[in-house]
Structures are given as structure tokens and as C-alpha cells.
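>>> prediction below, plus the sequence it came from.
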Amino acid sequence: MTLHSIEITLTRALGAVELKAAQQGSRLPLAASEDRTRLVVLVSAKNEGKAMRKIWRRLENALPIDVLCSLFPGPDGRYLMSIPMNEQTWERIRSQAAATGQTPEEHLQDAVAQALARDRSTRRARLECSLNALLGTFTPEEVTAAAARRIRLSG
């Protein structure tokens, strides 16, 4: 069996007592982020899918889990995510996938890829607007000098 590192994103921060109870009840080693809204767990399983199912079985009633996500990409360069969905949501996804001739997994992959592309596009547009505002107020040399100082201070 292989050890798999999985990140658990929670819907809310955990208290110390709640975290300890989940750890003892699940018999899984959990490491919490400083704000206790994310956990990392090492799980022994044949593959990541089985590791995710093991985590759901042991922790779904003990923790307010939002998403499980592999910490490292697989051989295909992708991360594995596990998101709880009710039957209505799954039915909608299955029907949308069938309408496009895809599997539900392919349909979700495309939807996530499109959402990420929209986010990147939105970020680029916000950056360009901010840069235009800066260049409307300051000279390009002033902006470049400020950026260079910022890089020096953070590096």
C-alpha cells in the first residue's frame, strides 16, 4: 500500500477539542493549518481514489468537510478532488454530460477548466485596469522603481 497526502478543506474552523476527537475517532494522522480551516492527512491505500473514500468513511460525520484534494498531481499532471454532492446535483451533471456526449467526470473537468480560464481572464483584466490607473497617475519610471523596491524588500 502507498501513502497518499490529501488536503481537507473545511467549511469552518475547528476547535482543538473537535480536532482531537476526529483524530482519535478516525485513527488518521491529521495536521491542521494555523487557522484550522484546512487539514492534511496521510492515508494508506492502493490508489488516491480509495484513499479519498477512506477519508470520507472515517471523517464525514466527524468534520465539516467541504473538499478533499490530493496534495500532489498524478502522472497526468492533474489533482484529484472529491466534493460531496447530493443526488439532484449528480443527476443534473449526468444529464448535462449526456447532452454533450461526455462522461460526468469529463464534463466536470471541462467545467473546472473553463472556470479557471474565466478567473485568469478576470485577474488579467483587473491587473490591466489597475496598471492603467497607476500609469494615469504616475510615470512608467515611478511605477517600475516602486515595483523594483517591492521586489527587493520581499526577496
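Everything's here; your move.
>>> mind listing the helices for this structure?
16-26, 48-59, 87-100, 104-137, 140-154 (DSSP state H).
>>> show me what the first one is packed up against.
Spelled out, that is helix 16-26. Helices and strands in packing contact with helix 16-26 are listed as strand 30-32, helix 48-59; criterion 3 or more Cβ pairs under 8 Å, 6 or more residues apart in numbering; DSSP states H and E. Using the backbone N, CA and C atoms, a C-beta is placed for each residue, glycine as well.
>>> point out the most buried one among those.
Ranked by mean neighbour count, the helices and strands packed on helix 16-26 are led by helix 48-59 with a mean of 18 (mean count of other Cβ atoms under 10 Å).
>>> got the contact list for the residue lying farthest from the centre of the chain?
No residue in the chain sits farther from the centre than T139, which is 38.8 Å out by Cα atoms, centre = their mean. Going by Cβ atoms under 8 Å, 6 or more residues apart in numbering, T139 touches no other residue.
>>> distance of it from L59?
56 Å (Cβ to Cβ, to the nearest Å).
>>> go on, R123?
33 Å.
>>> same question for A21.
Looking at A21 against L59, where the rule is Cβ to Cβ, the gap reads 11 Å.
>>> want to try TSV for the helices and strands packed on helix 16-26, with distance to L10 and mean pLDDT as columns?
Output for the helices and strands packed on helix 16-26, formatted as TSV (distance: least, Cβ to Cβ, whole Å; pLDDT from 0 to 100):
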stretch	distance to L10	mean pLDDT
strand 30-32	9	93
helix 48-59	10	93
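>>> output the ones you listed as TSV; include the columns distance to T9.
TSV is the format used below for these (distance: least, Cβ to Cβ, whole Å):
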stretch	distance to T9
strand 30-32	12
helix 48-59	12
